[in-house]
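>>> What follows is a protein structure lacking sequence information:
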């Protein structure tokens, strides 16, 4: 759910599942991507802001299965971003 919320820039959904069900904001999907990876790739600016406030600075550069960080994915998406 957190990954889908991050893709759709739905911070309310992120908050709901993180707080009510204590879901881990750094949970990875089958590709090793976190919600931050998806938020960056989909240019979900509000979700990026929320997630960055919830994680430690050393967790910002977590790599997914192909070795890409959220910043890599933001650049690769080719979308105007922040």
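Nice, thanks for sending it over. These numbers were taken from a predicted model, which means no experiment stands behind them.
>>> Provide a list of residues in contact with the most centrally placed residue in the chain.
With distances taken as CA atoms, centre = their mean, residue 36 lies nearest the centre of the chain, 1.4 Å away. Counting by CB atoms under 8 Å, 6 or more residues apart in numbering, residue 36 touches 6, 25-26, 48, 51-52, 55, 60, 62, 70. Any C-beta I mention is one placed from the backbone N, CA and C, and that applies to glycine too.
>>> which regions of the chain sit below the pLDDT cut-off?
When residues are selected by pLDDT under 70, those of the chain lie in 79-82.
>>> measure the residue in the chain sticking out farthest from the centre to residue 36 for me?
Note on the chain: the largest C-alpha distance from the chain mean falls to residue 20, namely 18.6 Å (CA atoms, centre = their mean). Distance, residue 20 to residue 36, by CB to CB, to the nearest Å: 20 Å.
>>> still on that earlier bit, next, give phi and psi for the residue nearest to the centre of the chain.
With angles defined as degrees, to the nearest 10, residue 36 sits at phi -60, psi -40.
>>> likewise residue 29?
Residue torsions, per degrees, to the nearest 10, at residue 29 are phi -90, psi -170.
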